[in-house]
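Student: Quick one: sequence plus predicted model below, questions after.
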Amino acid sequence: DGKIMVLSEDFFAEILSDPQLLQKIEPILITEELLIKVGFQSVEEPGGWVWERIIVYKVIDESEVFYEVHFINEAEDRVTLPQKTKYVHKLQNLYYEVTGAELPCMLG
């Protein structure tokens, strides 16, 4: 219904068991407006956004729009992740994989 919500484990299990509910769930696309809302700030490079140690760049590749994700590691090196990231949950997962911590910026 166009609502953004956090799914509990129980609700997620219910959704997975009900094909009609599952069809109604759509992942949240990363947009520039959303990046601002969760705390990212624009960088000088076109399409670039930064938040703490995460940098994302909007890429328009023929008919596809996605974000390239970079992390600045402990040694201050930029690590480019190979995935084409389109959805907020994927950005959260990548952050967790690299840092071992949850992405603290949340939609609210």
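Tutor: That came through, no problem.
Student: Just list what the biggest helix by length in the chain packs against, helices and strands only.
Tutor: What stands out as the longest helix in the chain, according to DSSP state H, is helix 88-99. Judged by 3 or more C-beta pairs under 8 Å, 6 or more residues apart in numbering; DSSP states H and E, the packing partners of helix 88-99 are strand 54-61, strand 64-72. Just so you know, the C-beta spots here come from the backbone N, C-alpha and C atoms, and that holds for glycine as well.
Student: would you turn those strands into a markdown table with mean neighbour count and distance to T85?
Tutor: Converted to a markdown table, the helices and strands packed on helix 88-99 look like this (neighbours: other C-beta atoms under 10 Å; distance: least, C-beta to C-beta, whole Å):
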| stretch | mean neighbour count | distance to T85 |
| --- | --- | --- |
| strand 54-61 | 16 | 7 |
| strand 64-72 | 17 | 5 |
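Student: Turn those strands into a markdown table, including distance to G47.
Tutor: Conversion of the helices and strands packed on helix 88-99 to a markdown table gives the following (distance: least, C-beta to C-beta, whole Å):
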| stretch | distance to G47 |
| --- | --- |
| strand 54-61 | 4 |
| strand 64-72 | 9 |
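Student: about what we covered before: quick one: mean pLDDT for the longest helix of the chain?
Tutor: Average pLDDT, helix 88-99: 81.
Student: Report the backbone C-alpha coordinates of that helix in PDB.
Tutor: The C-alpha coordinates for helix 88-99 follow below in PDB (Å, rounded to 0.1, in the frame of the first residue of the first chain):
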ATOM      1  CA  VAL A  88      18.200  -0.100   0.400                       C
ATOM      2  CA  HIS A  89      18.300  -3.600   1.900                       C
ATOM      3  CA  LYS A  90      21.200  -4.600  -0.300                       C
ATOM      4  CA  LEU A  91      23.100  -1.500   0.900                       C
ATOM      5  CA  GLN A  92      22.400  -2.500   4.500                       C
ATOM      6  CA  ASN A  93      23.600  -6.100   3.700                       C
ATOM      7  CA  LEU A  94      26.800  -4.900   2.000                       C
ATOM      8  CA  TYR A  95      27.500  -2.600   5.000                       C
ATOM      9  CA  TYR A  96      27.100  -5.500   7.400                       C
ATOM     10  CA  GLU A  97      29.200  -7.900   5.300                       C
ATOM     11  CA  VAL A  98      32.100  -5.400   5.300                       C
ATOM     12  CA  THR A  99      31.900  -4.000   8.800                       C
END
